[in-house]
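Peer 1: got a sequence here, can you build the structure:
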Amino acid sequence: MRAWQPAVFLAAALASGCALGPDYEQPDLDVPADYREPAPAGASVANLPWWDLYEDEQLKLLISIALEENKDLGIALARINESRAALRIERANQFPFLDLNGFAGRGDQSELIFPGASPSDNYRLTADLFFEVDLWGRLRRATEAARAELLATEDTFRNVTITLVSQVASNYLLLLDLDDRLAISRRTLLTRLDSLEIIQARFDKGTVPELDVNQAEIEVAVAEAAIATFERQVVQAENALRILLGRNPGPIARGRALHDQSASPEIPPGLPSELVQRRPDVRSVEARLAAQTARIGVAEALRYPSISLTGFLGVESDDLSDLNDSDAKTWNIGANLFAPIFNSGQLKANVEVEKARTEQLQLEYEATLQQAFREVEDALVAVRTLKAESEARSRQVAASRNAARLSRARYDGGVVDFLEVLDSERSLFSAELEESRTRQQYLNAIVQLYKALGGGWTLGD
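Peer 2: Numbers count the residues shown, from 1 in each chain. Prediction:
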């Protein structure tokens, strides 16, 4: 048996030793059996990909552009690539390192110290080997942590994706709502200008007081101010949406009008237990918790001795032509031992630090899950109540429109004064604006429920 073989066998045996530190186990979770808010049974709406949830072709196009060009999504994807490379780095530490070294030089020594010394040449070519024996699983735990961090970045990417889809949809719905409110304001302005013209003519004939003219002028100014407000908000909403698309500020093409946007009559959320596996932010925190648990083992392993094997094999000569001579060979093999003896409790404190960080992440994991349950509950009640509110707003508009028509007719007939007309027209204007806003909030609540449930990707992705 060659002299170096026992050392190799010893290294292989030691490398299969145990890994220090706790293995990750999912914490006990307080998961409710069902949601507090009554909801339809059936497969969760989160099982639908976003392109099936939204039927507006223009919205689908905007989401597709955002998924391709959004800068935050690009950053999240780059972080995945970074984590993959970090995993390869940690994994490589478990294997031997082999390096090739070459040297060629000429030198001389002081003849005062070495009498008779003369210039000499030196040529050397060696293959150097280094291998750290993973006695206590430090390298394996480090690899385990890096692998979990990679999973965390992948789930973070999914979370950014879902957030981006919901932001694009929400901003698009807001833009459609602002379009409607701007159109309502412009239509109201035209009506009020007509009224002002009629009342001004009546005042000129002395049939109505100047107060009626002033009140009509006030209502015209209110509509003009509303138009200016909504024009500003439309442009700002377009710019915000363009940034989500990864583009410079500019106009946005529209598809269906707000009142033509579809809304499913039933939105099943599925079971609360599905959130643990579906919500990518919950999965990301859990993966970070697993990584941090592995780092406890890394810190504990640093408190124990470590062994590394080193060696080299090569040739060396003072003449370049002699490097292929059998007598030029040179080799060495050895083992280095390092054992910490006294460090004022520093290494023990490192273990305590990692344990404290693990405890923090476990609490963060539980808090993230609780927040996920809350977001679903909030979205469910928002969908139910905003649907009822939207229907009530539609009835309010219909009644207000009829009341405004009757008040105008009564005023023209001299039955009532202009104040009643103003009140009914103000109510109609306000009701129409609120109807549009509530419709947008209802549709956006569905978007937020989809996001809260972790929709947008499947477990098989």
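Peer 1: C-alpha from now on. contacts and neighbour counts both.
Peer 2: Will do.
Peer 1: what does the longest strand along the chain rub up against?
Peer 2: Longest strand of the chain, by residue count under DSSP state E: strand 120-133. Strand 120-133 has contacts (Cα atoms under 8 Å, 6 or more residues apart in numbering) with 11, 14-15, 93-108, 306-320, 323.
Peer 1: could you pull out the helices for the stretch 1-150 of the chain?
Peer 2: For the stretch 1-150 of the chain, the helices defined by DSSP state H, counting those that start in this stretch occupy 5-15, 50-53, 57-69, 71-92, 138-204.
Peer 1: re the thing from before, got the angle between the longest strand of the chain and helix 138-204?
Peer 2: 80 degrees (axes from the mean of the first three to the mean of the last three Cα atoms, to 10 degrees).
Peer 1: dump strand 120-133 to CSV, restricted to CA.
Peer 2: The C-alpha trace of strand 120-133 is given here as CSV (Å, rounded to 0.1, in the frame of the first residue of the first chain):
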residue,chain,number,x,y,z
SER,A,120,21.2,29.9,-10.4
ASP,A,121,18.1,29.0,-12.2
ASN,A,122,15.0,27.3,-10.8
TYR,A,123,12.0,25.7,-12.5
ARG,A,124,9.1,24.1,-10.8
LEU,A,125,5.7,22.7,-11.9
THR,A,126,3.3,21.2,-9.3
ALA,A,127,-0.2,20.1,-8.9
ASP,A,128,-1.4,21.3,-5.4
LEU,A,129,-4.3,19.5,-3.6
PHE,A,130,-6.3,20.9,-0.7
PHE,A,131,-9.2,19.2,1.0
GLU,A,132,-11.0,20.1,4.2
VAL,A,133,-12.5,17.1,6.0
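Peer 1: and the buried ones among the contacts of strand 120-133, selectable in ChimeraX?
Peer 2: In ChimeraX syntax, the buried subset of the contacts of strand 120-133 is picked out as below (16 or more other Cα atoms under 10 Å):
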select :11,15,93,94,306,307,308,309,310,311,312,314,315,316,317,318,323
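Peer 1: show me the shaky parts of this structure.
Peer 2: Residue ranges of the chain with pLDDT under 70: 1-17, 41-42, 265, 456-461.
Peer 1: residues contacting the residue nearest the centre of it?
Peer 2: The C-alpha lying nearest the average C-alpha coordinate of the chain belongs to residue 160 (Cα atoms, centre = their mean; 2.5 Å). Residue 160 is in contact with 72-73, 76, counting by Cα under 8 Å, 6+ apart.
Peer 1: the same query, at a cut-off of 7 Å, please.
Peer 2: By Cα atoms under 7 Å, 6 or more residues apart in numbering, residue 160 lies in contact with residue 73.
Peer 1: so which of the contacts of strand 120-133 belong to strands?
Peer 2: Short answer: these in strands (DSSP E) are 97-107, 306-317.
Peer 1: buried ones in the longest strand of the chain, by neighbour count?
Peer 2: 123-126, 128-133.
Peer 1: same thing with stretch 388-408?
Peer 2: Buried-residue list, stretch 388-408, by 16+ other Cα under 10 Å: 389-390, 393-394, 396-397, 400-401, 403-404, 407-408.
Peer 1: can you lay out the residues you listed as TSV showing secondary structure and distance to residue 382?
Peer 2: Formatted as TSV, the buried residues of stretch 388-408 follow (DSSP: H, G, I helix; E, B strand; the rest coil; distance: Cα to Cα, whole Å):
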residue	secondary structure	distance to residue 382
389	helix	10
390	helix	11
393	helix	16
394	helix	18
396	helix	20
397	helix	22
400	helix	26
401	helix	27
403	helix	30
404	helix	31
407	helix	36
408	helix	37
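Peer 1: of those residues, closest to residue 245?
Peer 2: Checking these against residue 245 with Cα to Cα, the nearest one is residue 390 at 29.8 Å.
Peer 1: distance check, that closest one against residue 369.
Peer 2: 31 Å (Cα to Cα, to the nearest Å).
Peer 1: please apply the same query to residue 325.
Peer 2: 70 Å.
Peer 1: cool, and residue 271?
Peer 2: 14 Å.
Peer 1: between the two, which has more neighbouring residues?
Peer 2: Between residue 271 and residue 369, residue 369 has the larger neighbour count (other Cα atoms under 10 Å), namely 23 against 17.
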